[in-house]
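Chemist: Attaching a predicted model along with its sequence, questions to come.
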Amino acid sequence: MLRYKEIFLGNRCNNKCLYCLYRRSDLLEPDFNTLTTGLKRGEEDSIAFYGGEPTLRNDLLDIIHTAKKIGYRRIKLITNGQAFSDEQTLHQIVNAGCYLFEIKLWGSNPDLHDYLTQTSGSFWQTIQGLKNLQRLSCDKFICLRIPICNQNYADIISASTTGINLGINRVVLSLQDQNLRFKDLLPHIKFAINISILNRVWILTEGLPFCVMQGLEHHIGEIYYGYGNTINLKSYKHHKRCQDCIYRETCRGIEVEYLTRFGDAEFSPVKVSKYSQDIRPLYE
């Protein structure tokens, strides 16, 4: 299981996303000296920087350079990618030592994306950033992160295709909205998975439990990088049907807000799965 040391760079952002976890939080922006202390190596040999929008920090290049100097093998930047519409900024970040990028895209068109980011022009800036990333001659890895909500779940197939056409290496479909029923979302998830597989792009989900993803468990992102990340501020719990599930000790359960709103009647425990024997060793 590949684990990243996750470093929060502050909640400042050039978007005002409707489903942002950090815009309404009281998390403070750490100064450079505090960050330097937090960068010290532990068991992880990989590090991810997130926010807010990390590219708004004037000292981002120094932060990346410091992480590289400490010896992190993988340095990832989780960003809306808008800053990369400026090629000079992108080349500076790459030259500092960052080659892994996770770009957030809320929709396949400017009307939907800009509505959810609440920022006019943000779609085209992100798309230009992805195009500039694609043109880089260095060995890089680009992940497209599609946050899912009620307003865009029917668009995730088109959004995934948009990223695939721009040369991304991976898609992550991340559930953000607990007002969205799993039964409505799942057909679109399955179709997006099939499209990605046909194009030989690996695709993962976040926030969907094993019982919902039966037959597709190997696409659950959390089995590869765990549940213990600091990026996710939500709370989860098991319900009574979880007791009979073969993934009881592996799955964190259902988000509390979802259970409060919809109950647990739709969930059926996984009794048998051809993937369970492969997944279990990842947690041992």
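Modeler: Yes, it's here.

Chemist: what separates the residue nearest to residue 106 when sequence neighbours are not counted from residue 122, distance-wise?
Modeler: Taking Cβ to Cβ, 6 or more residues apart in numbering, and ignoring the residues beside it in sequence, residue 106 has residue 116 as its nearest neighbour in space, at 4.1 Å. Glycine gets a C-beta too; all of them are placed from N, C-alpha and C. Per Cβ to Cβ, to the nearest Å, residue 116 is found 9 Å from residue 122.

Chemist: Tell me which residues of the helix ranked longest in the chain come out buried.
Modeler: Taking DSSP state H as the assignment, the helix of the chain that covers the most residues is helix 182-198. Within helix 182-198, the residues that qualify as buried are 182, 185, 188-189, 192-193, 195-196, counting by 16 or more other Cβ atoms under 10 Å.

Chemist: ditto for stretch 128-138
Modeler: For stretch 128-138, burial by neighbour count (16+ other Cβ under 10 Å) applies to 128-130, 132-133, 136.

Chemist: from the residues you listed, which is closest to residue 22?
Modeler: residue 129 (20.2 Å; Cβ to Cβ).

Chemist: Quick check: which ranges of the protein have low pLDDT?
Modeler: Along the chain, the parts satisfying pLDDT under 70 run over 1, 23-26, 227-233, 283-284.

Chemist: Kindly report the domain assignment for it.
Modeler: The chain breaks down into these structural domains: 4-206, 230-284 (assignment by automatic domain parsing).

Chemist: now those as TSV including distance to residue 219?
Modeler: Rendered in TSV, the data for the domains of the chain read as follows (distance: least, Cβ to Cβ, whole Å):
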stretch	distance to residue 219
domain 4-206	6
domain 230-284	10
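
Chemist: So which of the ones you listed is nearest residue 218?
Modeler: The minimum distance between residue 218 and the domains of the chain falls on domain 230-284, with 5.3 Å, by Cβ to Cβ.

Chemist: so where do the strands sit in this structure?
Modeler: Counting by DSSP state E, the segments of the chain that form strands are 4-8, 46-50, 74-79, 100-104, 141-148, 170-175, 202-206, 236-237, 254-255.

Chemist: could you dump those to a markdown table with distance to residue 217 and mean neighbour count?
Modeler: Formatted as a markdown table, the strands of the chain follow (distance: least, Cβ to Cβ, whole Å; neighbours: other Cβ atoms under 10 Å):
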| stretch | distance to residue 217 | mean neighbour count |
| --- | --- | --- |
| strand 4-8 | 22 | 20 |
| strand 46-50 | 24 | 22 |
| strand 74-79 | 24 | 22 |
| strand 100-104 | 22 | 22 |
| strand 141-148 | 18 | 22 |
| strand 170-175 | 15 | 21 |
| strand 202-206 | 10 | 21 |
| strand 236-237 | 17 | 14 |
| strand 254-255 | 16 | 22 |
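
Chemist: can you list those strands in a markdown table and add distance to residue 278?
Modeler: Supplementary listing: the strands of the chain in a markdown table, determined by distance: least, Cβ to Cβ, whole Å:
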| stretch | distance to residue 278 |
| --- | --- |
| strand 4-8 | 22 |
| strand 46-50 | 23 |
| strand 74-79 | 24 |
| strand 100-104 | 25 |
| strand 141-148 | 22 |
| strand 170-175 | 19 |
| strand 202-206 | 15 |
| strand 236-237 | 23 |
| strand 254-255 | 23 |
